[in-house]
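Asker: Pasting a predicted model and its sequence here:
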Amino acid sequence: MRGRTVPKTLAEKVYEAHVVRSTAGEPDLLYIDLHLVHEVTSPQAFDGLRSAGRTVRRPDLTMATEDHNVPTLDILSPIADPVSRAQIEALRSNAAEFGIRLAPMGDRDQGIVHVIGPQLGLTQPGMTIVCGDSHTSTHGAFGALAFGIGTSEVEHVLATQTLPQYAPKQMAVTVEGELPAGVSSKDVILAVIAEIGTNGAQGHVIEYRGSAIEALSMEARMTICNMSIEAGAKAGLIAPDRTTFDFLQGRPHAPQGADWDAAVEHWQTLRTDEGAVFDREVVLDASTLTPFVTWGTNPGQGLPIDGIVPDPADFADEGERRAAEQALAYMGLEPGTPLREIEVDTVFLGSCTNGRIEDLRIAAELLRGKRIDADTRMLVVPGSVGVKAQAEAEGLDRVFLDAGAEWRGAGCSMCLGMNPDQLKPGERSASTSNRNFQGRQGKGGRTHLVSPSVAAATALTGKLTAPADLTPAAPAVV
Ligand SMILES: CC(C)[C@H](C(=O)O)[C@@H](O)C(=O)O
Ligand code: SF4
C-alpha cells in the first residue's frame, strides 16, 4: 500500500517550503523571499546592523518606500515636523549606505508599502513576505504568507534573510454566495471582525475561501487580507487563481516568458488539500451581508448600517460592556441613535485598505456629476504615485475635484495622521482605513470605518449613508 501524505492547508505548504532549519524545542528558521521596509520601523534596525558591522544579506530581496510621514501636499518643501523629517532622512541615508532600493517622495514607484509591493509585481504567490508593519497581511491576497514583524526582527531579516518562527494555527473563513449590490469586501471583513472579535484569530493564519471570495478582484481581496490583523490574526491569505495571475502578468517584477509559464504552473498547486484540518472555521453567507460601519473605538465594534448605536447595558460580557461604555463616551454617541443619523465632518478615502485604483473608481462613480455636502470635507489620497497616475489618466481626479473633494499626493495620510492630515479634537470622520482607535486620526478625533462606496455616499449627505440610500426608489408599477 502506498503511504498517504497528510493533507495540508495552503499556509502550511508555504510555511514548510521555507523552513531552512528545524530543531525540536526551538523555533523554525524561515527563509524570507521579500522584505519591505518603511521609514518608521527601520531606523533602529539599520543602527543595529551598523554597530555590529553587518551588511544587508540580500539587498535584491529588499525594497524600501516612504509612506507614513509623507505630506500629501507640497512634497517638495522640507517636512515641517522634526520627527517625521528625521525618519525620512534616516531611511534615505540607510538605503544609500546599505545598497537598498528606495522609492522616495516624488518617485513614480513611491506609495504605501502594501500598495506598491503588489503594484510592482514584487508580491507573488507562495512567497514569504515580511515588513515592519502589521498590515503586511495585505500581501496574503496573492497566496503569499505575509506578516508584520517588529524592529529587532527587521534587523534579523536584513542581516540574514531569515526569521525564527513557530508554525501558526490554521483558521478558515468561508464566505459562500453572492454579495448584494453595494456590499464590498470591506463590509465582509468588518462583519467577520464584528463576529469573532479583535482577538478572534489570535495565533492563526486565516485562509479566506468560498465562492464569494473567489469572485472578488485582487484589490478587494487585498482589503480583506489587510484587516486580518484587526481580528488578531498573524496573517490572512487567499489561494491564487486566474484573477491573481491576470493581475500579476506584465508587472515590472513578475516573471516573463517561459519563467512566467513555469511560475503559473507552480502557483496553481498552491491550494489547500481536500481534507486539510483547520483549528477553527467561521462560515458566512454573503447574501445576508449589508454595508457595515463601526460605531466604537476598535474595528470589532461594527454593525450593519441599518443598525442603531448599541446600549452598553445590552452586552452580557462585562469586558465588552465596559469597552462599549468607554467607546461611546469617546465617540460622543448616544445609545439608540440610528447609525444613518451620525453626522461627519470629514471623509477620508485612502490607506492600504482602500486606497487602490478600484476603490477610487467605485467612489468616483457615486460622486460623478454631484457635489459633496457643503459642511463636509473629503480627502482623497491615492495609495501610491502609480494609483494617482492611473486615476488621473482615467479622469477620476476631475470627478473628485468637481464634486468638491480634495485630491492629494500618495501616502498613509489620515489613516494614522503621522503627517499634517489629521482630525481636530472632537471631529468625526468616515474613513476607509482599518483602525478606529482613540486618537488614531488626530488627538480627540472620532473615526467610523467604512467601505469606499459608503465613504462616497456619506460625503454626499454629510451623514453615514449606504450607496443604496442614494438611488431613487423604483417607480411603483401601476
Ligand atoms: C507605523 C507602523 C508600525 C504601524 C503598523 O505596524 O501597523 C502603522 O502602519 C499602522 O497602521 O498603525
Ligand atoms: S495606510 Fe495606515 S494601516 Fe496602512 S501602513 Fe499606512 S498607517 Fe498603516
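Answerer: Thanks, I have it. Numbering: from 1, shown residues only. Ligands and ions are numbered 1, 2, ... in the order given.
Asker: so who does the nearest residue to residue 58 once chain neighbours are set aside touch?
Answerer: Leaving aside its chain neighbours, residue 58 sits nearest to residue 161 (4.6 Å; criterion: C-beta to C-beta, 6 or more residues apart in numbering). All C-beta spots, glycine's among them, are computed from the backbone N, C-alpha and C. With contact taken as C-beta atoms under 8 Å, 6 or more residues apart in numbering, residue 161 is in contact with 31-32, 35, 57-58, 61.
Asker: distance of residue 161 from residue 368?
Answerer: Shown here: residue 161 relative to residue 368, a distance of 47 Å by C-beta to C-beta, to the nearest Å.
Asker: do whichever helix in the chain runs longest and ligand 1 meet at all?
Answerer: If you go by DSSP state H, the chain has its longest helix at helix 82-98. No: Helix 82-98 lies apart from ligand 1 when judged by C-beta under 6 Å from any ligand atom; the minimum separation is 9.8 Å.
Asker: other SSEs contacting that helix?
Answerer: The contact analysis (3 or more C-beta pairs under 8 Å, 6 or more residues apart in numbering; DSSP states H and E) places helix 82-98 against helix 43-52, strand 101-103.
Asker: What angle do helix 43-52 and that helix make with each other?
Answerer: Angle, helix 82-98 to helix 43-52, by axes from the mean of the first three to the mean of the last three C-alpha atoms, to 10 degrees: 40 degrees.
Asker: now the helices for the stretch 351-478 of the chain?
Answerer: 351-354, 357-367, 385-393, 396-403, 452-461, 467-470 (DSSP state H, counting those that start in this stretch).
Asker: May I have the phi/psi pair for the residue nearest to residue 58?
Answerer: The phi and psi values for residue 161, taken as degrees, to the nearest 10, are phi 60, psi 20.
Asker: how far away is it from ligand 1?
Answerer: Per C-beta to the nearest ligand atom, to the nearest Å, residue 161 is found 21 Å from ligand 1.
Asker: And for residue 4?
Answerer: Distance of residue 4 to ligand 1, computed by C-beta to the nearest ligand atom: 41 Å.
Asker: next one: residue 14
Answerer: Per C-beta to the nearest ligand atom, residue 14 is found 22 Å from ligand 1.
Asker: Now name the helix or strand holding that residue.
Answerer: helix 10-17 (DSSP states H and E).
Asker: tell me which residues in that helix are buried?
Answerer: Judged by neighbour count (16 or more other C-beta atoms under 10 Å), helix 10-17 contains these buried residues: 10-15.
Asker: what does stretch 380-388 give?
Answerer: 380-388.
Asker: now, which of those residues sits nearest residue 436?
Answerer: Nearest to residue 436, judged by C-beta to C-beta, of the buried residues of stretch 380-388 is residue 381 at 17.3 Å.
Asker: ok, now which ones touch that closest one?
Answerer: Here residue 381 is in contact with 72, 348-351, 355, 408-411, 413-414, 421 (C-beta under 8 Å, 6+ apart).
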